[in-house]
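In: My questions concern the predicted model and sequence given below.
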Amino acid sequence: MTTTLKSQALAALLVQAALFSTAAANPIPFDKSQAVAGPRTDAGTGLCGSATHFLATQPLNNKAEAVAILDKPTTDPAVLERTTRLFGNLNLRNGQTNTAGDFTQPAAPDALLPYSKDAAAMPMGTDSNIAFRLRGYFNVPATLAGRTLSFAVNCDDFCALQIGKTMVITADERISARVIKQVSFGDAGLYPVELVYYQNGSTAFLEWARSDTAVQECPNDICLTSLTDPAMYQNSFKLVAASELYSSVAGTSAACQECGAAGTSCAAGSYCGDGLCQTCNTADHCGSSCQVCPATARQCSAAGTCVECTTSAQCSGGGSCDVASGRCQTTPGSDPKYEGGNGCTVGGATTAPGSGWPMLGCLAALGLAVLLRRRARTAA
């Protein structure tokens with residue numbers, strides 16, 4: 001190995017060592033106060049997306065201009081067409097033949113952006129003048145709580161990732177299409193996310209990835225190396241999966257109806273949560289009237305009523321849930337103080353219902369106690 005090659009190898013090792021050091025970055029902190037609910041255990045299906053094909057008088061220049069287009073009613077002359085649906089694959093591109101993000105086939109199949117100039121696009125468009133907004137929730141299980149993670153986006157023309165009320169990443173391909181930011185979730189939970197994107201013309205792509213390690217942030221937020229480069233990032237970045245993304249706090253919001261902008265509203269039995277119309281099936285929005293459930297009944301049943309429980313896991317002390325009434329019940333024999341049903345308590349020991357011989361022992365002990373009490377009275 002020549003001196004030059006040795007120097008290059010040493011430089012590469014130093015870059016990798018610095019990459020996974022946490023000293024140079026202060027992770028953006030999040031805690032349960034910014035979560036809307038506890039972590040979900042069922043698999044997610046993706047985020048709600050709203051794409052607008054617009055009539056441009058001039059190119060979009062920032063997030064605010066994209067949001068203004070996205071918030072316009074469909075009757076506005078600037079709105080040519082709009083589509084909303086669930087998006088599970090956050091590896092998107094338009095129909096330009098030379099479009100290529102960091103995550104590509106066959107390892108990471110691309111999906112077409114709405115209004116791409118491709119017959120397979122849903123719907124087909126011109127490859128240009130697209131404003132796109134993804135909304136929903138990112139799930140943080142207990143296994144990720146307390147750890148430093150790294151989010152990365154790669155986009156052309158522009159994208160901005162927000163979690164809760166905190167802007168995490170802004171990327172503009174005129175400066176750097178790729179940006180990496182470290183984050184830390186102090187608590188497990190379901191966190192609101194919003195990803196705004198726009199495309200004026202030419203090539204277009206949008207990728208959102210995550211590493212479960214603390215990847216060094218790029219100087220001045222200018223990342224020149226592909227997120228899939230094995231030497232630089234050691235294959236630590238993976239696309240954020242649909243299974244960890246949700247379109248509503250509970251269940252799924254397949255309609256993906258947006259709300260919050262002027263002139264928008266949600267149907268009866270629904271509420272506007274984090275920019276999306278959601279069914280009133282949570283403790284804070286329950287039933288046709290979307291009532292807030294009281295402290296003694298903090299579960300919303302499938303029938304839309306506030307109940308104490310919907311599953312036995314919500315009952316403390318080993319009790320079971322009577323789903324019909326929505327109340328927790330103490331199982332006979334499970335509570336040392338319980339003396340009802342077929343159980344009996346003697347000297348603090350409880351016998352389970354249906355156990356014949358222990359029951360005879362209980363009766364015998366009670367009879368002996370009565371006999372000894374009578375003899376004591378006679379002796380007195």
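Out: Everything's here; your move.
In: now stretch 109-120, how far from the centre of its chain.
Out: Computed by Cα atoms, centre = their mean, to the nearest Å, the separation of stretch 109-120 from the middle of its chain amounts to 25 Å.
In: Please name the nearest non-neighbouring residue to Cys256.
Out: Among residues not flanking Cys256 along the chain, Cys48 sits closest, at 3.6 Å (Cβ to Cβ, 6 or more residues apart in numbering). In this view, the C-beta of every residue, glycine as well, is placed from N, C-alpha and C.
In: Who does the one you found form a beta bridge with?
Out: Leu86, Arg135 (DSSP bridges).
In: do Pro192 as well
Out: Tyr137.
In: Gly273 now?
Out: Following DSSP bridges, Gly273 is listed with bridge partners Leu276.
In: what's the neighbour count on it?
Out: By other Cβ atoms under 10 Å, the residues close to Gly273 number 23.
In: Next one: it from Lys238, what distance?
Out: 28 Å (Cβ to Cβ, to the nearest Å).
In: which residues does the closest residue to Gly95 other than its chain neighbours contact?
Out: Distances taken as Cβ to Cβ, 6+ apart put Asp118 closest to Gly95, at 3.6 Å, once the chain neighbours are dropped. Under the criterion of Cβ atoms under 8 Å, 6 or more residues apart in numbering, the contact list for Asp118 reads 94-95, 112, 124.
In: Point out the least confident one among those residues.
Out: The lowest pLDDT within these belongs to Gly95, with 92.
In: Does that residue fall in a helix, a strand, or a coil region?
Out: Using DSSP: H, G, I helix; E, B strand; the rest coil, the secondary structure recorded for Gly95 is coil.
In: So it is in contact with Ser128, correct?
Out: No: with contact defined as Cβ atoms under 8 Å, Gly95 does not count as touching Ser128 (10.4 Å).
In: Tell me the predicted confidence for Ser265.
Out: 89.
In: count of neighbours near it?
Out: Considering only other Cβ under 10 Å, Ser265 is surrounded by 10 other residues.
In: again, but for Thr330
Out: 16.
In: any idea how far the spatially closest residue to it that is not a sequence neighbour is from Cys328?
Out: Once flanking residues are discounted, Thr330 sits nearest to Gly319: 5.2 Å by Cβ to Cβ, 6+ apart. Gly319 sits 5 Å away from Cys328, going by Cβ to Cβ.
In: likewise Thr57?
Out: Distance from Thr57 to Cys328, by Cβ to Cβ: 62 Å.
In: if you count what's nearby, which of these two comes out ahead?
Out: Between Thr57 and Cys328, Cys328 has the larger neighbour count (other Cβ under 10 Å), namely 17 against 6.
In: In contact with the residue most central in space within the chain: list those residues for me.
Out: In the chain, the C-alpha nearest the mean C-alpha coordinate belongs to Phe138, at 2.4 Å (Cα atoms, centre = their mean). Going by Cβ under 8 Å, 6+ apart, Phe138 touches 163, 190-191, 193, 240, 244-245.
In: change it to 7 Å
Out: Contact partners of Phe138, counting by Cβ atoms under 7 Å, 6 or more residues apart in numbering, are 163, 191, 193, 244-245.
In: what's the spacing between it and Ala152?
Out: 14 Å.
In: to the chain's geometric centre, what's the distance from stretch 266-277?
Out: With Cα atoms, centre = their mean, you get 18 Å for stretch 266-277.
In: buried stuff in it?
Out: Of all the residues in stretch 266-277, those buried under the rule 16 or more other Cβ atoms under 10 Å are 266, 270-277.
In: which residues sit against it?
Out: The contact list for stretch 266-277 (Cβ under 7 Å, 6+ apart) reads 48, 135, 192, 194, 247-249, 253, 256-260, 278-280, 285, 288, 290.
In: 8 Å - rerun?
Out: Against stretch 266-277 from outside (Cβ under 8 Å, 6+ apart): 36, 48, 135-137, 192, 194, 247-249, 253, 255-260, 265, 278-280, 285, 287-288, 290, 304.
In: Straight-line length of it, end to end?
Out: 6 Å (Cα to Cα, to the nearest Å).
In: again, but for stretch 28-42
Out: End residues of stretch 28-42 are separated by 27 Å (Cα to Cα).
In: could you give me the average pLDDT of that stretch?
Out: So the average pLDDT for stretch 28-42 ends up being 97.
In: And for stretch 62-74?
Out: Rounded mean pLDDT across stretch 62-74 is 97.
In: Could you do stretch 164-177 as well?
Out: 97.
In: and if you look at stretch 180-197?
Out: Mean predicted lDDT for stretch 180-197 stands at 98.
In: which residues in the stretch 101-250 of the chain form strands?
Out: Secondary structure of the stretch 101-250 of the chain by DSSP state E, counting those that start in this stretch: the strands cover 111-112, 130-140, 148-156, 158-163, 166-172, 178-185, 189-199, 205-211, 238-239, 245-246.
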